[in-house]
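Peer 1: here's a sequence, model it:
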Amino acid sequence: MPVELNHTIVSARDSKSSATFMAEVLGLRAPRPFGPFLTVETDNGVTLDFIDADGAITPQHYAFLVSEPDFDEIFGRIKERDLPYWADPGQRRQGEINHGDGGRGVYFEDPDGHYLEILTRPYGSG
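Peer 2: Numbers count the residues shown, from 1 in each chain. Coordinates of the predicted model:
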C-alpha cells in the first residue's frame, strides 16, 4: 500500500468559523462534524480536522494543488473578501502572484494566521 496523507489536525480559536472559511474560499463541501472535530475534505480525500484550541496557536502552512480554472475561482474569492495575499512565503511581494514552474501560486492567511497556499504546478515540475 502506498503511503498517503489521510488527515491532519488544524488548531483554531473557533473551529466552526475557520473550517467554514477554508471550505468556502477553496470551494469545498461544507465542514462535517467528526467527534470533537469539524472536517473539511479535499478532492483527494485528505481531511483537515479543525479543533478548538486554548491558548496561542502556532501558525502552520497548508498548500493546495489546484487546476488553472480552480485557481481563478479561488483567487477570485480571495480578492472578493479583500484578503491580503502574497507571491512569496516571506510575505515580501504583497498583492502579487508567482509563476513558479510555469504555473501560478499565491499565499494568504486564514483567520488563525495559518498560511494557506494555492498553486497550479508542483514545485520542481517546471
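
Peer 1: can you give me the helices in the chain?
Peer 2: Taking DSSP state H, the helices of the chain run over residues 15-26, 68-80.

Peer 1: give me the pLDDT value at F37.
Peer 2: Note on F37: pLDDT of 98.

Peer 1: touching, it and A53? I think so.
Peer 2: No. The criterion here is Cβ atoms under 8 Å, and F37 misses it with A53 at 11.7 Å. Placement of C-beta: from N, CA and C, glycine included.

Peer 1: more neighbours, these two?
Peer 2: Between F37 and A53, counting by other Cβ atoms under 10 Å, F37 is the more crowded of the two (20 against 16).

Peer 1: leaving out the residues flanking it, which one is nearest to the more buried one?
Peer 2: Sequence neighbours aside, D49 is the residue nearest to F37 in space, at 4.0 Å (criterion: Cβ to Cβ, 6 or more residues apart in numbering).

Peer 1: local confidence estimate at M1?
Peer 2: pLDDT recorded at M1 is 83.

Peer 1: swap in G100?
Peer 2: pLDDT, G100: 89.

Peer 1: got the domain ranges for the protein?
Peer 2: The chain breaks down by automatic domain parsing into domains covering 1-53, 60-126.

Peer 1: where does pLDDT dip in the protein?
Peer 2: Nowhere does the chain drop to pLDDT under 70.
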